[in-house]
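Undergrad: Below are the sequence and a predicted model for it; my questions follow.
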Amino acid sequence: MIELPPVALQVILNFSIGLIVTVSLNIEVGFLGLPQFGRLLAVLTGALVAAAVPGRILAFYMGLPWGADYAYHLYNFRIVAKINEELVRNPALSLGVLLSTLVLAALIGGLVGYLCAYPALRLREAYLGITLLALGDLLMTIAWNYDPLVGGTMGIWVVDPFRFVGAGGARFTFAALFILLVAVLVYAYAELLARSPFGRVLKAVRDAEVAASVYGKDIVKLRTQTLIVGGAIAAVAGALWAFFTGSMKAATYTRLTWTFWPWAFMMLGGIGSNFGVLLGVLLYTVVRTAIIIYKGALSAIIPIDPEWLEYIMIGLIIVTVVLFRPQGIIPERPVLALPRRKLETILGELGREERGTKAA
């Protein structure tokens, strides 16, 4: 298998994960207008599923002891090492673990989104945003302090369903390309959603909730469905990230990385614009990678530590976009219910009928 250089792998991985998370955020914020500041909650849920579930199931399947006298989180490194040996020999099992875990993460992420619908129906604006933000921190605190879940402060190893293609560069290349494929599928789904009747209804609710309600749209149901979809997609990103890194430590999942960065990507590209989101994620990923690569050269030029440059950049992006281009680089464009050619054909037929009626 062709091995991509480390720089390309880093760009592909960060772009893919960032795109999945930001698209899920755009569905909730850009399409429906929810103040979603709890993206960390769904991402962390997916990572917890990948770290806690398949390893225990495979240990039981292989007959590895991890009961009360052999706690999974205490002897995790030994158990996961044996599981990975089996996954290397069994590609079918590896792919089965990968796909089934992603499905499970999506289901539980959707359930978390459904639970978030309860405050979303009763709170508005800043109150909802703060509540969702606190729920994400609550889950992180639980995972950080409850050792049996994912090892607490020590963390645990995560089973590696990508190992069957080989070790080193081959493994990382396959994993990055697989995650890129998932990101492309998620983006395609978001594009179809934007053009569907459901997507148009979401934007109608965002722009005029009272008018949409008057026309018989169930606002409660729409909010719930949107949170379920967004939560499921974000949880898949969390599970993929845990599988790629091969380890899980709850404290590394911060609101900065998994909530505020996606917000910055979305604001930079254009809230409500899927292509704008893609462009925003890509631009930031390339610039951030360049900062990391040329850190040594930058340290001789700028008067600050380059480690803080990407955080300063995020803040500048948000401030600059809000002040000078609040619609983003590529603003949201109206989505036609029918293709333009079809609409032109219909308008032409109506025009001919109207002229025929006047002639008669």
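TA: All right, it came through fine. Bear in mind that the values here come from a model prediction, so they are computed numbers and not experimental data.
Undergrad: so who does Pro119 touch?
TA: Leu128, Thr131, Leu132 (Cβ atoms under 8 Å, 6 or more residues apart in numbering). Heads up, the C-betas are built off the backbone N, CA and C, glycines and all.
Undergrad: Pipe those into TSV and attach neighbour count per row.
TA: Putting the contacts of Pro119 into TSV (neighbours: other Cβ atoms under 10 Å) gives the following:
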residue	neighbour count
Leu128	20
Thr131	18
Leu132	25
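Undergrad: CSV please, covering these and showing distance to Val150, pLDDT and secondary structure.
TA: Listed next are the contacts of Pro119 as CSV, based on distance: Cβ to Cβ, whole Å; pLDDT from 0 to 100; DSSP: H, G, I helix; E, B strand; the rest coil:
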residue, distance to Val150, pLDDT, secondary structure
Leu128, 28, 85, helix
Thr131, 24, 88, helix
Leu132, 22, 89, helix
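Undergrad: Including distance to Gln36, could the residues you listed go into CSV?
TA: Formatted as CSV, those follow (distance: Cβ to Cβ, whole Å):
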residue, distance to Gln36
Leu128, 8
Thr131, 11
Leu132, 6
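Undergrad: Any stretches of the stretch 251-360 of the chain with poor pLDDT?
TA: Across the stretch 251-360 of the chain, residues meeting the criterion (pLDDT under 70) sit at 336-338, 356, 358-360.
Undergrad: shaky segments in the stretch 1-150 of the chain?
TA: Low-confidence segments of the stretch 1-150 of the chain (pLDDT under 70): 1, 66-70.
Undergrad: who's in contact with the residue nearest to Lys217 when sequence neighbours are not counted?
TA: Using Cβ to Cβ, 6 or more residues apart in numbering and skipping the chain neighbours, the partner closest in space to Lys217 is Val201 (5.9 Å). Remark: with contacts taken as Cβ under 8 Å, 6+ apart, Val201 is in contact with Ala212, Lys217, Leu222.
Undergrad: Now that the last one has come up, it's in contact with Phe31, right?
TA: The one in question is Leu222. No: with contact defined as Cβ atoms under 8 Å, Leu222 does not reach Phe31; the gap is 9.9 Å.
Undergrad: Can you pick out the residue with more neighbours from those two?
TA: Set side by side, Leu222 and Phe31 show more neighbours around Phe31, with 27 against 20, by other Cβ atoms under 10 Å.
Undergrad: Tell me if I'm right that that one and Thr226 touch.
TA: Yes: between Phe31 and Thr226 there is a contact at 7.0 Å, judged by Cβ under 8 Å.
Undergrad: Give me the common contacts of the two.
TA: In contact with both Phe31 and Thr226: Leu202, using Cβ under 8 Å, 6+ apart.
Undergrad: which residue ranges form the strands in this structure?
TA: 156-157, 247-248 (DSSP state E).
Undergrad: Nearest to Phe324, out of these?
TA: Closest to Phe324 of the strands of the chain, according to Cβ to Cβ: strand 247-248, at 40.1 Å.
Undergrad: Please state the offset of that closest one from the chain centre?
TA: Taking Cα atoms, centre = their mean, to the nearest Å, the mean C-alpha location of strand 247-248 is offset from the chain mean by 18 Å.
Undergrad: Equivalent analysis for stretch 332-342, please.
TA: For stretch 332-342, the distance to the chain centre is 27 Å (Cα atoms, centre = their mean).
Undergrad: First-to-last residue distance for it?
TA: Start and end residues of stretch 332-342 are separated by 22 Å (Cα to Cα, to the nearest Å).
Undergrad: Counting neighbours, which bits of that stretch end up buried?
TA: Within stretch 332-342, the residues scored as buried using 16 or more other Cβ atoms under 10 Å are Glu332.
Undergrad: Could you tell me how many residues sit around Leu104?
TA: Using other Cβ under 10 Å, Leu104 has 18 neighbouring residues.
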